[in-house]
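Peer 1: Could you look at this predicted model? Sequence included:
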Amino acid sequence: AWLRVKNASLENHHQKRKSDASPNSTVSKQSDGTNRDTTSTNKCIDMLRGPDGELPAKLRSVESYLIERISNEIMSHDPNVRWEDIAGLHHAKKCVTEMVIWPLLRPDIFKGCRSPGRGLLLFGPPGTGKTMIGKAIAGEAKATFFYISASSVLGKWMGEGEKLVRALFGLASCRQPAVIFVDEIDSLLSRRSDREHDVTRRIKTQFLIEMEGCDTGSEQILLIGATNRPQDLDEAARRRLTKRLYIPLPSSGNHLFGCKEARAWIVRNLLEKDGLFKLSTEDIDSICKSTEGYSGSDMKNLVKDASMGPLREAFTQGTEITNLKKEDMRDVNLQDFENALQEVRPSVFLNELGSYEDWNSKFGSFP
Ligand code: ADP
């Protein structure tokens, strides 16, 4: 019901606060006659006020409920991913560090001819670590991270998508340095079609305007777009996403080194985290040989399934899960992985990879 208060702009909200007879009141009357606790909205907004009690100019016309929703659903202060959590992708990490993290950490040096682009595109098959890279950038650069998927802007946020986009960039500018990560960016910035809905068109236009603003201004806002369909991006979007990095499968058939090791690393890392890693080097080698073409996300699913092996075995031997003692459980072994390989198949067709390689050679920053 509280969404119905959207006509109340921040300015009104501020005025109301000033004139409120009861300054500690946390309940507001809704247009449908119900009451809503406004404490959390007030908290989000109060954190943004300057020493003079005023909101930054960019947020004065933004409605308070939008600020609250973005703060709660889209913004994150510590996305909790570091470079060392990401397997392989050494080349991408190196490029991103130079192109993105250094400039965010040292804006004083990265100006003039060193000034960085404000748009980065990560493209490649699904489940290869694009979102992880976005989060790691925010973590390493101590930036505020905003994650939004384009399909949600055009879906659940559709009715207010245009306002959301304005509010998102407005909030990012008050939370600098900031990283705005747009997943499935192709659906937001795809080639325009005549049959496109008016609302969709307006959201896209607003998005391009905001991107342009980021690029020309002196603000420390980095836009990262991720896509598995780079060929759908329109030319204007491509131009604005000045750096375009291919994020490939952790497959040993790839031209980037360390790919097979990346699959081994994911297996080892996930099992070690739970104290379950007891595999030999030969076992790991064998798993890597059988997982050619698996994405990072497929590998994670494989490990999850394999780690169920000892439980399933105990169950088939008649042990009830409630009576199962942890110390009696056997280690996860190669056979568990071989069984899991029957269940968890690769999610990317190897013959799709050619289209990424093609696009990379035409438009990629490091073909
Ligand atoms: P994408 O954004 O490319 O679709 P994600 O970054 O969301 O993929 O990855 C999904 C999950 O797969 C991650 O949460 C992680 O567990 C695993 N994963 C994918 N790539 C890697 C990688 N390179 N290193 C470690 N884990 C990975």
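Peer 2: Looks like it came in fine.
Peer 1: residues of stretch 154-171 that come out buried?
Peer 2: In terms of neighbour count (16 or more other Cβ atoms under 10 Å), stretch 154-171 has its buried residues at 154, 157, 160-171. From N, CA and C alone the C-beta is placed, and that goes for glycine too.
Peer 1: swap in stretch 103-113?
Peer 2: For stretch 103-113, the neighbour count (16+ other Cβ under 10 Å) marks 103-105, 107, 110 as buried.
Peer 1: what comes into contact with that stretch?
Peer 2: Outside of stretch 103-113, the residues within contact range by Cβ atoms under 8 Å, 6 or more residues apart in numbering are 102, 114-116, 137, 141-143, 177, 220, 222.
Peer 1: nearest to residue 86, of those?
Peer 2: When these are compared for distance to residue 86 (Cβ to Cβ), residue 137 wins out at 10.7 Å.
Peer 1: sorry, back to before: what's the closest of the buried residues of stretch 103-113 to residue 64?
Peer 2: residue 104 (28.8 Å).
Peer 1: and the nearest residue to that closest one once chain neighbours are set aside, what are its phi and psi?
Peer 2: Leaving aside its chain neighbours, residue 104 sits nearest to residue 141 (3.8 Å; criterion: Cβ to Cβ, 6 or more residues apart in numbering). Per-residue torsions, residue 141: phi -90, psi 10 (degrees, to the nearest 10).
Peer 1: quick one: residue 141 and residue 176 touch, right?
Peer 2: No: with the criterion set as Cβ atoms under 8 Å, residue 141 and residue 176 do not qualify as a contacting pair; they are 10.7 Å apart.
Peer 1: Are there residues contacting both of those two? Which ones?
Peer 2: Shared between the contact lists of residue 141 and residue 176 (criterion: Cβ under 8 Å, 6+ apart) there are no residues.
Peer 1: in this protein, what residue is nearest the ligand?
Peer 2: Closest approach of the chain to the ligand (Cβ to the nearest ligand atom) occurs at residue 296, with a separation of 2.2 Å.
Peer 1: Where does pLDDT dip in the stretch 1-150 of the chain?
Peer 2: In the predicted model, the stretch 1-150 of the chain carries pLDDT under 70 at residues 1-44, 77-78.
Peer 1: Kindly report the same for the stretch 151-300 of the chain.
Peer 2: Under the criterion of pLDDT under 70, the regions of the stretch 151-300 of the chain flagged as low confidence span 192-196, 215-217, 251-260.
Peer 1: give me the number of residues near residue 326?
Peer 2: Neighbour count for residue 326, taken as other Cβ atoms under 10 Å: 5.
Peer 1: Okay, it and residue 272: tell me how far apart.
Peer 2: Counting by Cβ to Cβ, to the nearest Å, the separation of residue 326 from residue 272 is 17 Å.
Peer 1: Kindly report the same for residue 266.
Peer 2: As judged by Cβ to Cβ, residue 266 and residue 272 stand 11 Å apart.
Peer 1: Same drill for the two, tell me which one is more crowded.
Peer 2: residue 266 (25 against 10).
Peer 1: Next one: that one relative to residue 300, how far apart?
Peer 2: 7 Å.
Peer 1: related to what we said a few turns ago, thinking the residue of the chain closest to the ligand is in contact with residue 266, fair?
Peer 2: Yes: counting by Cβ under 8 Å, residue 266 is a contact partner of residue 296 at 6.0 Å.
Peer 1: residues shared between the contacts of these two?
Peer 2: Overlap of the contact sets of residue 296 and residue 266 (by Cβ under 8 Å, 6+ apart) consists of 87, 250.
Peer 1: Chain neighbours aside, what residue packs nearest to residue 211?
Peer 2: Nearest to residue 211 is residue 240, by Cβ to Cβ, 6+ apart, at 5.0 Å.
Peer 1: Would you reformat the contacts of stretch 103-113 as CSV and include secondary structure and distance to residue 130?
Peer 2: As requested, the contacts of stretch 103-113 are exported to CSV (DSSP: H, G, I helix; E, B strand; the rest coil; distance: Cβ to Cβ, whole Å):
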residue, secondary structure, distance to residue 130
102, helix, 20
114, helix, 26
115, coil, 25
116, coil, 19
137, helix, 11
141, coil, 17
142, coil, 21
143, coil, 17
177, coil, 20
220, coil, 22
222, strand, 14
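Peer 1: same for the ligand: which of these are within range?
Peer 2: The subset of the contacts of stretch 103-113 within reach of the ligand, counting by Cβ under 6 Å from any ligand atom, is empty.
Peer 1: and residue 134, what are its phi and psi?
Peer 2: Backbone torsions for residue 134, taken as degrees, to the nearest 10, come to phi -60, psi -50.
Peer 1: Could I get the contacting residues of it?
Peer 2: Here residue 134 is in contact with 79, 122, 145, 147, 179, 181, 224, 226 (Cβ under 8 Å, 6+ apart).
Peer 1: again, only this time at 7 Å
Peer 2: Neighbour list for residue 134: 179, 181, 224, 226 [criterion: Cβ atoms under 7 Å, 6 or more residues apart in numbering].
Peer 1: Sticking with the third one, tell me its helix or strand.
Peer 2: Which is residue 224. Using DSSP states H and E, residue 224 falls within strand 221-227.
Peer 1: Which elements pack onto that strand?
Peer 2: strand 119-123, helix 130-140, strand 178-183, helix 185-188, helix 198-216 (3 or more Cβ pairs under 7 Å, 6 or more residues apart in numbering; DSSP states H and E).
Peer 1: Parallel or antiparallel, list what pairs with it.
Peer 2: Sheet pairing here is set by DSSP bridges, and for strand 221-227 it gives strand 119-123 (parallel), strand 178-183 (parallel).
Peer 1: could you dump the ones you listed to a markdown table with mean neighbour count and distance to residue 202?
Peer 2: As requested, those are exported to a markdown table (neighbours: other Cβ atoms under 10 Å; distance: least, Cβ to Cβ, whole Å):
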| stretch | mean neighbour count | distance to residue 202 |
| --- | --- | --- |
| strand 119-123 | 26 | 21 |
| strand 178-183 | 26 | 17 |
